[in-house]
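> here is a sequence with its predicted model. Questions after.
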Amino acid sequence: MNHAAEIAEHAQMWRISDDHWDFWLDEHKPGAGEFPFGTREAFDRLVKWVPYVGPGSWPDEDMLPIGYLGPHPGYGDARQSRLTPDEERTEFTLWAVARCPLVLGANLTKLDSYTRTLITNQTLLFIDQASSLSRPVDSAGLPAGFENARVWRATINTPGARGYAEYFAFFNLDSKPVTLKATWKELGLDNNKHAAQDAFTMENGKSSKDVAVTLPAHGSTVIEVQ
């Protein structure tokens, strides 16, 4: 981070962590530094790089170790990712909303249907590729209940422009389920009513002044605001 501004001037993509592997949170061995880097740690790391991310630049949080890792993963034996399906979704969603390069670490010849559906989610791919501004929502403005949660907001174009869209990604970092409730104003929008569509179920919610999502342990979802 000491040279972040300099790097941003001379490069379009920056590797920002040690090797990322299929852990939610791993205890690092003495002398191993940050290796291996887990999903939970990526939340705090990506926030630090937000000021340096913009059009034409991407923070590289390393590969996505989801799906089947084999025959020779490079770390450990061949295996299905240790991440749960909810953790895989959270990781892929975080990479997308933070505009990270989506480098898949899975064996494509043994790609399971869940991972295939996840990595081909058109909304997440659109957010990753087209966001003009991606940033975490300030936790200070969020109501009670968000203590173990994170919210990221991705904007595409500007209000009034063709193709303008707002997306909110909700993440549960807790090891138990949670229901998160907030008004659109608390999330940074105006206080008018907004309709919401879930990027995974594609269900449309009624226009309202607030939003509520129930997430499993280490789970996530993305809401498109209309």
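Yep, it's here. Residues are numbered from 1 along each chain as shown.
> residue contacts, the residue positioned nearest the centre of the chain?
Per C-alpha atoms, centre = their mean, the C-alpha nearest to the average position across the chain is that of Leu94, at 0.8 Å. If you count contacts by C-beta atoms under 8 Å, 6 or more residues apart in numbering, Leu94 has them with Thr39, Ala42, Phe43, Leu46, Cys100, Trp152, Ala169, Phe171, Ser220. Backbone N, C-alpha and C define where each C-beta goes, glycine included.
> can you classify Asp62 as helix, strand or coil?
Assigned state for Asp62: coil (three-state reduction, DSSP: H, G, I helix; E, B strand; the rest coil).
> now it: phi and psi?
Recorded main-chain torsions at Asp62 are phi 80, psi -180, according to degrees, to the nearest 10.
> wait, it touches Asp19, no?
Yes: counting by C-beta atoms under 8 Å, Asp62 sits close enough to Asp19 to count as a contact (6.2 Å).
> quick one, which of these two is more surrounded?
Neighbours were tallied for Asp62 and for Asp19 using other C-beta atoms under 10 Å; the higher tally belongs to Asp62 (20 against 14).
> for that one, which non-adjacent residue is spatially closest?
His20 (3.7 Å; C-beta to C-beta, 6 or more residues apart in numbering).
> who are the contact partners of that neighbour?
Under the criterion of C-beta under 8 Å, 6+ apart, the contact list for His20 reads Pro36, Phe37, Gly38, Ala42, Glu61, Asp62, Met63, Leu64, Pro65.
> next one: Asp19
By C-beta under 8 Å, 6+ apart, the contact list for Asp19 reads Phe35, Pro36, Phe37, Asp62, Tyr75.
> of these, grab the buried ones for PyMOL.
Buried members of those, defined by 16 or more other C-beta atoms under 10 Å, are picked up in PyMOL with:
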select buried, resi 36+37+62
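> now the contacts of Asp19 in a markdown table, with distance to His3 and secondary structure?
Converted to a markdown table, the contacts of Asp19 look like this (distance: C-beta to C-beta, whole Å; DSSP: H, G, I helix; E, B strand; the rest coil):
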| residue | distance to His3 | secondary structure |
| --- | --- | --- |
| Phe35 | 21 | coil |
| Pro36 | 24 | coil |
| Phe37 | 19 | strand |
| Asp62 | 19 | coil |
| Tyr75 | 28 | coil |
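> and which of the contacts of Asp19 is nearest Leu124?
Each of the contacts of Asp19 was checked against Leu124 using C-beta to C-beta; the closest is Asp62, at 17.8 Å.
> what is the nearest of the contacts of His20 to Arg116?
Leu64 (13.1 Å).
> which residues does that closest one bridge with?
Under DSSP bridges, the beta-bridge partners of Leu64 are Leu104.
> run a quick neighbour tally on it.
If you count neighbours by other C-beta under 10 Å, Leu64 ends up with 25.
> what pLDDT is listed against it?
At Leu64 the predicted local distance difference test score is 97.
> the one 5 residues further on now?
Predicted confidence (pLDDT) for Leu69: 98.
> please apply the same query to Lys29.
pLDDT recorded at Lys29 is 67.
> repeat for the one 4 residues further on
Among the per-residue scores, Gly33 shows a pLDDT of 82.
> start at 16 instead
From this message on, residue numbering opens at 16, which makes the last subject Gly48.
> go ahead and confirm it touches Asp33.
Yes: in this structure, Gly48 sits in contact with Asp33. The criterion is C-beta under 8 Å, and the distance is 6.1 Å.
> element containing Leu61?
helix 54-64 (DSSP states H and E).
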